[in-house]
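> What follows is a protein structure lacking sequence information:
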């Protein structure tokens, strides 16, 4: 997939740059960790790594799909058929969750989990080729999330409660 054309920093996650209040956390949480222990962006740019994407239908039923993605401009980009249920949920404003992971214990256990709002993006032929004319482009801004590695099964999580504290800054 060809990356969307960069039109400037103001377009990063649309007009949704507001800070969220930190979520309540358990006393044992590692929310104070200041950086992920692995290169999250490099991990997201590894080839052949699909995303698991979840949301809810109009009738509040769970939706789940495996999608190829592009991570660019601090957001996850997906291409789906216009009638697909996940972009329909995003268009309705339903919450969207995304997980990208690598599970090869005990040497490599890495995860990036994000939650945010999805939105339908304008059709961009540079991003969605003519083959995918019946598909829509949509993205998720990772408002909250978790990056996790667990070498030798010892978890090293990094959590963020707003985009400004994410590893994508």
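Ah, there it is. A quick note: this is a predicted structure, and the numbers were derived from the prediction, not measured.

> pLDDT-wise, which helix or strand of the chain ranks last?
Across the helices and strands of the chain, the lowest-confidence element by mean pLDDT, DSSP states H and E is strand 135-140, at a mean of 76.

> From the contact counts, what lies against the longest strand along the chain?
If you go by DSSP state E, the chain has its longest strand at strand 108-121. In terms of contacts (3 or more Cβ pairs under 8 Å, 6 or more residues apart in numbering; DSSP states H and E), strand 108-121 is packed against helix 40-44, helix 85-92, strand 95-104, strand 135-140, strand 144-149. All C-beta spots, glycine's among them, are computed from the backbone N, C-alpha and C.

> mind listing what it pairs with, with the direction of each?
Here strand 108-121 is paired, per DSSP bridges, with strand 95-104 (antiparallel), strand 135-140 (antiparallel), strand 144-149 (antiparallel).

> Report the buried residues of that strand.
For strand 108-121, burial by neighbour count (16 or more other Cβ atoms under 10 Å) applies to 109, 110, 111, 112, 113, 114, 115, 116, 117, 118, 119, 121.
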